[in-house]
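> Here is a sequence together with a model predicted from it:
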Amino acid sequence: MTGADQFQDPSPAVAESMGLDTVFVADDLYSLRAAVAAHAGEFGLAEPGLGRLLVVATELATNAIRHGGGRGRLRLWRRDSVILCEVSDDGPGIADTAGAGMRQVPLSTEGGRGLWVVRQFTDEMTIAGRDPGTTVTVKIQL
């Protein structure tokens, strides 16, 4: 299998409550952001959480495109009073998944702030290595 075919299917419990499950490339970022906003709104996520989620989803999708093979898969669902957003890619992975995004990068450094921003804007973030690729899952409380 190659490309998007390698993305694993969600567990049955997640699939039942899935609001959005889509594969994307760079040309899809605008429509992806609009879809995330629409689905999150249907889940009851309002400002300021909605704005944070849009920044997070855009940053994770952009990282998947830049560092993860040029495409990714975004899943968005609600579980109880939490919105979950998961972005997976088929790239080389992140060497230090536990430490990624834990420290703010100096403004004089080009790039490298994305996962730190994601950590600041979410209630929880987990990074899991896959073979190949990475899956980042974030939670935002309603």
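Received the coordinates, thanks.

> When you work out contacts or count neighbours from here on, use the C-alpha atoms and nothing else.
OK.

> So which helix or strand of the protein has the lowest pLDDT on average?
helix 12-17 (a mean of 52; mean pLDDT, DSSP states H and E).

> what about the residue sitting nearest the centre point of the chain, which SS state?
Centroid-nearest residue in the chain: Val87, 3.5 Å away (criterion: CA atoms, centre = their mean). Under DSSP: H, G, I helix; E, B strand; the rest coil, Val87 falls in the strand class.

> Please name the nearest non-neighbouring residue to it.
Leu74 (4.5 Å; CA to CA, 6 or more residues apart in numbering).

> what's whichever strand or helix holds the one you found in contact with?
Per DSSP states H and E, Leu74 falls inside strand 71-79. For strand 71-79, the external contacting residues (CA atoms under 8 Å, 6 or more residues apart in numbering) are 3-4, 7, 14, 17-26, 36, 39-40, 43, 61, 64-65, 83-90.

> So, low pLDDT: which residues of this structure?
Within the chain, the stretches with pLDDT under 70 are 1-17, 99-102, 105-112.

> now the strands for it?
18-25, 71-79, 82-89, 124-129, 134-141 (DSSP state E).

> Run the chain-centre distance for the shortest one.
The one in question is strand 124-129. 10 Å (CA atoms, centre = their mean, to the nearest Å).

> so what does that strand touch, helix or strand wise?
Under the contact criterion of 3 or more CA pairs under 8 Å, 6 or more residues apart in numbering; DSSP states H and E, strand 124-129 touches strand 134-141.
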